[in-house]
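Student: After the sequence you'll find the predicted model.
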Protein chains: 2
Amino acid sequence: MSRPRSVPEAEALDQALQLFWERGFDRTSIADLGEAIGVGPSSIYNAFGSKAELFRRSLDHYLQTHAAFIPGVLAGVQEHGVEESVRDLLQRAIKLYTSKGLPRGCAILQGGGSGGSDDSEGGLIAREFRQGIEQALRQLFGGAPPTDELALPPKILAKYVLGVMRGLSQLAADGTRRSDLVKIADHTAASCVVLG
Amino acid sequence: MSRPRSVPEAEALDQALQLFWERGFDRTSIADLGEAIGVGPSSIYNAFGSKAELFRRSLDHYLQTHAAFIPGVLAGVQEHGVEESVRDLLQRAIKLYTSKGLPRGCAILQGGGSGGSDDSEGGLIAREFRQGIEQALRQLFGGAPPTDELALPPKILAKYVLGVMRGLSQLAADGTRRSDLVKIADHTAASCVVLG
DNA sequence: CTTTTTGTGGAGGGATCGCTTCAAAATGAG
DNA sequence: CTCATTTTGAAGCGATCCCTCCACAAAAAG
């Protein structure tokens, strides 16, 4: 009933995510996004409303594509146990963080702001998604089978593993070899449960 | 033999560090720095040459003041062992990351850029300092007493602990309670050595 | 005093920022 | 076809960015 878009939304989100991922929110301009997507600024604002909203949509797109393995790992905790689930989660994350053709590190953990008390628009949005990951990790440890004895309460373990993921993301961005990251992942996963 | 500076250099670095610490390099402007220090832009450029150089000097100042405990911890590895040294290091870091009157998180680990392949000026400088911390950690594990059996090679453990520090910094910036961070620190320190 | 040297404030240049405006263009409905 | 609706490209708005220039101020040296 009206003029169609020159670029499909999914494709536009792909390009936007790519830029936000490798440069972060602040250092990605509307002009950059427009050039990458192949449209002018007015089209972006007509389709997404604001740069912040496009950032939010891009991170959602990230969760539904590159990070789509998370729900499956959560669902398998009862069956496979905590250590294997954490190891699986971290190894899939590492593979994502070091894939050729994609920016290094995690789009959510690296893409936001940088400051400590970061109350910028991009920083607040990234924090929302970070809390979503923490919530997922809490769910993972909370759903552990009774045979697994956790080394720390689920709330603390969730923060611990989220912190390690943040570290893995930065190490990947700094060029650490994938095999080294995997050793850290295995070590972290093993440290979550008490040896039985 | 010439006109004295209106603000001593140490005091200027204090103010500059404060801003870089809480906002990061990109989101701190020369105008902000000038207002905080109490001088105009020309004085900053006359004294430090560029915004990047002021950032570098500020992080150096950070290492020599707030993070001055690092060399002492390194020197005590032979005496106190790996676990206690790592725990001491992380607990002092946590205290720094959550001190009242100071920005949350680590000035080095949070103050740089955010992107994955961050080739911005601030990102590159922050990376230099990050590698300095990694080097210090490698030195810590490399100097472990022979009675300590490391869970992983020193090179990997250094990256692991650096990653955890990055996580602690972000968790602190996101408002995690100090007592929870300490539990993560104790857990991390204990996981570095094999139970004897 | 004068001279020399260095630091200072104020003004502004050139570039880029997020975002808006607007007329033209592209479709489906009738 | 006409009409209604939505998207698009181009131009530009005010703000902010890093940095520079320049005349003047403040000290030590002679």
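Tutor: Happy to help now that I have it.

Student: pLDDT below threshold where in chain A?
Tutor: A:113-116, A:196 (pLDDT under 70).

Student: For it, what lies in contact range of DNA strand D?
Tutor: For chain A, the residues in contact with DNA strand D (C-beta under 7 Å from any atom of the strand) are A:1-7, A:38-43, A:46-47. Where C-beta positions appear, they are placed from N, C-alpha and C, glycine not excepted.

Student: Report the buried members of the residues you listed.
Tutor: Buried subset of the residues of chain A next to DNA strand D (neighbour count, 16 or more other C-beta atoms under 10 Å in any protein chain shown): A:V39, A:S43, A:A47.

Student: Now for the first one: which residues touch it?
Tutor: For A:V39, the contacting residues are A:S6, A:V7, A:A12, taking C-beta atoms under 8 Å, 6 or more residues apart in numbering or on different chains as the criterion.

Student: Which members of the residues of chain A next to DNA strand D are the farthest-apart pair?
Tutor: Greatest spatial distance among the residues of chain A next to DNA strand D (C-beta to C-beta): A:M1 and A:P41, at 25.0 Å.

Student: so where does the closest residue to A:L33 other than its chain neighbours fall, helix or strand?
Tutor: Spatial nearest neighbour of A:L33, excluding adjacent residues (C-beta to C-beta, 6 or more residues apart in numbering or on different chains): A:A16 at 5.5 Å. According to DSSP states H and E, A:A16 maps onto helix A:9-23.

Student: and the closest residue to A:A173 other than its chain neighbours, what is it in contact with?
Tutor: With C-beta to C-beta, 6+ apart as the criterion, A:A173 has its nearest non-adjacent residue at 3.8 Å, and that residue is A:G105. Residues counted as contacts of A:G105 (C-beta under 8 Å, 6+ apart) are A:W21, A:Y97, A:S169, A:Q170, A:A172, A:A173, B:G116.

Student: Neighbours of the first one, how many?
Tutor: It refers to A:W21. Neighbour count of A:W21, defined by other C-beta atoms under 10 Å in any protein chain shown: 25.

Student: Would you confirm that it contacts A:Q110?
Tutor: Yes: taking C-beta atoms under 8 Å as the definition, A:W21 is a contact partner of A:Q110 at 7.4 Å.

Student: Verify the assumption that the residue nearest to A:A173 is located in a strand.
Tutor: No: under DSSP: H, G, I helix; E, B strand; the rest coil, A:G105 sits outside any strand and is assigned coil.

Student: Which strand or helix spans the residue nearest to the spatial centre of chain A?
Tutor: Chain A has A:I108 as the residue nearest its centroid, 4.1 Å off, counting by C-alpha atoms, centre = their mean. Remark: A:I108 resides in helix A:107-111, with elements defined by DSSP H and E.
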